Structure formats: C-alpha cells, structure tokens
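Asks: need coordinates for the following:
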Amino acid sequence: DAGLTAKCGVANEEKRDSIPRTLMSGPDRKPSSHRRSRALPWLVCATGVFVSVLVWQATRSELRRQDEARFERLQERVLAAVNLRFQAAAQALYAGRALIESHSELPAAQWTALVETMARFFDRGVVGLGIVQRVDRAELDTLEAQVRAMGQPEFQAERRGDAAVAYVVTHIEPVATNRNALGLDLAASPTGRRRAAADEAMRTGRPVITQRLEVITGDSSAVGGLLFLPVYVGVEPAGEAARTRALREWVYASLRFDLLLRGVAEVAEGQVDFEAFDSGVASADTLLFDADGKLKFDETHWQRMAAANAGPLTATLTVPIYGRTWVLRLRTSPAFDAGGNDWLAPTLLGGGVFMSFLSAGFTWLLVGARARALALADRMTADLRRLALVASRTASSVVLTDADWRIEWGNESFTRLFGFTPDE
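Replies: All right, here's what the predicted structure looks like:
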C-alpha cells in the first residue's frame, strides 16, 4: 500500500508537470509589495509638503533680501533729504556773510532785502536769519546807538547777563516772527549752548549748530537750534587764537526742527517712521523730531524691538550735522509692507500643500485601481488553474493550439487516443 501511494503521488506530480506553466502558475506577489503600494500616497504627500516648505523658506528669504534693499534705498533718501535742508540754511549764511564783508556797517534795510530775496528758497524750518555781535558789556550803550542809527530806532540790547562779554542779536529777519529775539544776549542763556556753538564756529571757521534748545517763533517757542557762521575782519586767519582775535560777528539761522524734518518724512512717502535725537543717547530730553508724534525709539523701546528680532525692519544712523552728531532711528511702516510681496511666500506654501494632498489623493486612487486589477487577475488565474486540472484529468481528448493551429499541449487521453506523445 505504501508503494502504491508513492506511485500515485509521483503520477499526480507528473500530471501537474504536464500542465502548461501559463495555466498552472499563480500570481507571484508578496504581502510586502501591497504594503508598499499603500504607503505610496503618504510618501507623495510628505514629499510634496517638504518641497513646499523648502520653497516657502527660500521665497521668504528672497523677499526679505528685497525688502532690506528697498529699506537701504529709503535710508539713502532720508539722509540726502536731511543734508539738503541744512545745506540750504548754510548757503544762506554764506550769502549773508558775503554781504556783511562788503559793508563796514550794514544798514538794517539791506539785511531785510537779502533775507526777503532768499526766503523763497528756504525750507519751512528756517525761522529766521540774524546777526550776532560780540561786544564788551560796558559798550552795550554804544552798540545800541550804532544799531539804531542804521535803521532800527527801537533796538534795545538785553542786559540781564553778568558775563564780561555779551553776544547780542543786532539783526533778525523776518521781524514779524522773530521780534522777541532782537536784542537778546545769547551768552546770558543759562544752558550756555548758544555761546558754546558760537565759540566753536569762531575757532574753527566752519558752520556749527547748537545742541537741542527752544527757539523763538513769534510769541511761543519750539524745539530747534541755531546754526552759526563766523565773520572775520579781512581774510580768515589760520589758528584758533588768530580767529578769536579777528572775529567781527556771526550770521546765524534759527531752525525749527519739526518743520525742517517734516519734509524728510514726506520724501520717504510714509514708508518709514523715524525719530531724530541729539548726540548718541536717545531719550525724551534729546528728541529732535518724531514723525508720528509718539516717542517709540528711545533706548528702552529700541532695545525691546531689537530683542524681538522680527517684524518691521529697523536701522540706526549716525549723521554729522555741523559739529554735532545726530542719531536717526528708522523703522518701516505698514505702507512699506504694502509695497512688498509678503503675500507671495504664504501663497506658495498654501498652494504647495494643497497640491501635495491632491497628488496624494490621486495616487491613492491609482493604487486602489491597481489593487482591484490584481484581485481580478488573481480570481481569473484561480479559475484557469481549476480549468487546467479538469482538462488534464478528463477522459476526453483535449488539446491546446496557438493561432496557427500548432498544438501546444495535449492531455493523456489525447496521447492514448492518437498515439502521439506531448513532445511529438
């Protein structure tokens, strides 16, 4: 019995071997392949999101670089506008000095005519142009008589100072807005800032501006400064001591900083908010100009903005202004942001993420369609296997031919009936 069973097993194996491989072979697919197919949509989604994030970061960096370049150009425009406004005042002083040098004694009418001629070229921040004479306090009466004789009969020099030398304003135009400044002794100021700037200009021969102070504008005052230019007897000498001895008087411009620098803010077209400070310390005491009227760029607030390291662009500029060093602090405004392309980076990120999920969904559909096709192939292959087993074991004669009627396979019944072996 054992021998018979073995022979039957061998016979069955031989019969199965005689079945065409195309009919007997099943699908050679492993479970791991199916799992890889299911993971493919997630891989597509993750790759798409990763690439979108990279593009978003690169775009944001490029936009930041472009904004920084725009901001640098605005800084250049602001600096140019500041220098231009002060240059106009300095040129007026040089014109006034030339007029004084051409007269041994300057009549008030000629000074008035000069100022009226140049007034249309002034920025609104130039409040007035004047002349200051240095005189011994004992000679104030003589100075008053001379000034009155030159066309100012109501002139009166201030006498409240106790210094040996007085710095008296003998001419000022336009008188309507500077009448209270006429006759003032600038050396009698308790802060000493006016005299310090005048003396510095005398020693150097160059225009020098005062520290922050209150300048007279009509019946009130405003934050500003005085710009002094010395006038010497004859040719300007060399050396501080020689210039001090040769000094004749000063011409000066009274400047109101809020009006002078308002034009600078207009040049920036509202794209930057800036504040100007006198000297290197930014505080309410050194504030010269604030574009929006709200002090936000003093040391405390500025350090907080620097620590945040985000948001609007900022810059601190040191500007030499006629013997003084000003600090300009600038920050971009919403108008600056509106002129950029900040919307581009998040738009690309959102669009990239959307396309990533869309691609993942499409891949999921393809993988599902492939899985259904493979399942159908598996069912059809199983049917063919069963059909092949039936065909190989039936008592009927069965042959398979190709399209040209060449026999590719025959069962055992065909061999017994016709006598041809499968090889034949």
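Asks: now the helices for the stretch 251-400 of the chain?
Replies: Secondary structure of the stretch 251-400 of the chain (DSSP state H, counting those that start in this stretch): helices located at 257-267, 299-308, 334-338, 344-393.
Asks: what's around Gly161, how many residues?
Replies: 19 (other Cβ atoms under 10 Å). All C-beta spots, glycine's among them, are computed from the backbone N, C-alpha and C.
Asks: count of neighbours near Thr204?
Replies: Residues near Thr204, counting by other Cβ under 10 Å: 13.
Asks: what residues sit buried inside the longest strand along the chain?
Replies: If each strand of the chain is counted by residues according to DSSP state E, the longest one is strand 220-232. For strand 220-232, a neighbour-count test (16 or more other Cβ atoms under 10 Å) marks 222-232 as buried.
Asks: who does that strand pair up with?
Replies: strand 208-209 (antiparallel), strand 213-217 (antiparallel), strand 247-256 (antiparallel) (DSSP bridges).
Asks: specify the angle between it and helix 257-267 in degrees.
Replies: 90 degrees (axes from the mean of the first three to the mean of the last three Cα atoms, to 10 degrees).
Asks: alpha carbons of strand 220-232, as CSV, please.
Replies: Below are the C-alpha coordinates for strand 220-232, written out as CSV (Å, rounded to 0.1, in the frame of the first residue of the first chain):
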residue,chain,number,x,y,z
SER,A,220,6.0,130.9,21.5
SER,A,221,8.9,128.6,21.1
ALA,A,222,9.6,125.2,19.6
VAL,A,223,12.4,122.5,19.5
GLY,A,224,15.2,123.6,17.2
GLY,A,225,18.7,125.0,17.1
LEU,A,226,20.8,127.9,15.9
LEU,A,227,23.4,127.5,13.1
PHE,A,228,26.3,129.9,13.4
LEU,A,229,28.8,131.0,10.8
PRO,A,230,31.6,133.4,11.8
VAL,A,231,32.5,136.6,10.0
TYR,A,232,36.1,137.8,10.4
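Asks: looks like Tyr167 contacts Gly192 (just checking).
Replies: No - using Cβ atoms under 8 Å, Tyr167 makes no contact with Gly192, being 11.0 Å away.
Asks: those two: which has the busier surroundings?
Replies: Tyr167 (24 against 15).
Asks: which element is that one on?
Replies: Counting by DSSP states H and E, the element that carries Tyr167 is strand 165-173.
Asks: which helices and strands sit right next to that strand?
Replies: Packed against strand 165-173 by the contact rule (3 or more Cβ pairs under 8 Å, 6 or more residues apart in numbering; DSSP states H and E) you find helix 108-118, strand 126-136, helix 140-149, helix 193-204, strand 247-256.
Asks: how about the ones you listed, which one is nearest Gln57?
Replies: For those, distance to Gln57 was read as Cβ to Cβ. The smallest value, 48.1 Å, belongs to strand 247-256.
Asks: dump that closest one to CSV, restricted to CA.
Replies: Listed next in CSV are the C-alpha coordinates belonging to strand 247-256 (Å, rounded to 0.1, in the frame of the first residue of the first chain):
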residue,chain,number,x,y,z
LEU,A,247,36.2,137.8,14.8
ARG,A,248,33.8,140.6,13.7
GLU,A,249,30.4,138.9,14.3
TRP,A,250,28.3,135.9,13.4
VAL,A,251,25.5,135.3,11.0
TYR,A,252,23.1,132.6,12.2
ALA,A,253,20.0,130.8,11.1
SER,A,254,17.2,129.9,13.6
LEU,A,255,15.9,126.5,12.7
ARG,A,256,12.8,124.7,13.8
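Asks: tell me the buried residues in that strand?
Replies: Here strand 247-256 shows 247, 249-256 as buried, counting by 16+ other Cβ under 10 Å.
Asks: I'd like the residues you listed as JSON lines, with pLDDT appended.
Replies: JSON lines is the format used below for these (pLDDT from 0 to 100):
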{"residue": "Leu247", "pLDDT": "92"}
{"residue": "Glu249", "pLDDT": "93"}
{"residue": "Trp250", "pLDDT": "94"}
{"residue": "Val251", "pLDDT": "95"}
{"residue": "Tyr252", "pLDDT": "95"}
{"residue": "Ala253", "pLDDT": "93"}
{"residue": "Ser254", "pLDDT": "92"}
{"residue": "Leu255", "pLDDT": "92"}
{"residue": "Arg256", "pLDDT": "90"}
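Asks: point out where this protein drops to low pLDDT.
Replies: Where the chain drops to pLDDT under 70, the residues are 1-37, 123, 308-310.
Asks: quick revisit: contacts for the strand holding Tyr167, please.
Replies: 106, 108, 111-112, 115-116, 128-137, 140, 143, 147, 152, 155, 157-158, 178-179, 181-188, 194-195, 198, 249-250, 254 (Cβ atoms under 8 Å, 6 or more residues apart in numbering).
Asks: now, of the residues you listed, which are buried?
Replies: The buried subset of the contacts of strand 165-173 (16+ other Cβ under 10 Å) comprises 106, 108, 111-112, 115, 128-135, 137, 140, 143, 147, 152, 155, 157-158, 178, 181-188, 194-195, 198, 249-250, 254.
Asks: all helices for the stretch 1-150 of the chain, in order.
Replies: Using DSSP H, counting those that start in this stretch, helices in the stretch 1-150 of the chain cover 2-18, 21-24, 31-101, 108-118, 140-149.
Asks: just checking, what packs against the last one?
Replies: Judged by 3+ Cβ pairs under 8 Å, 6+ apart, the packing partners of helix 140-149 are strand 165-173.
Asks: following the chain past the strand it packs on, name the next helix or strand.
Replies: Following strand 165-173 toward the C-terminus (DSSP H and E): helix 175-178.
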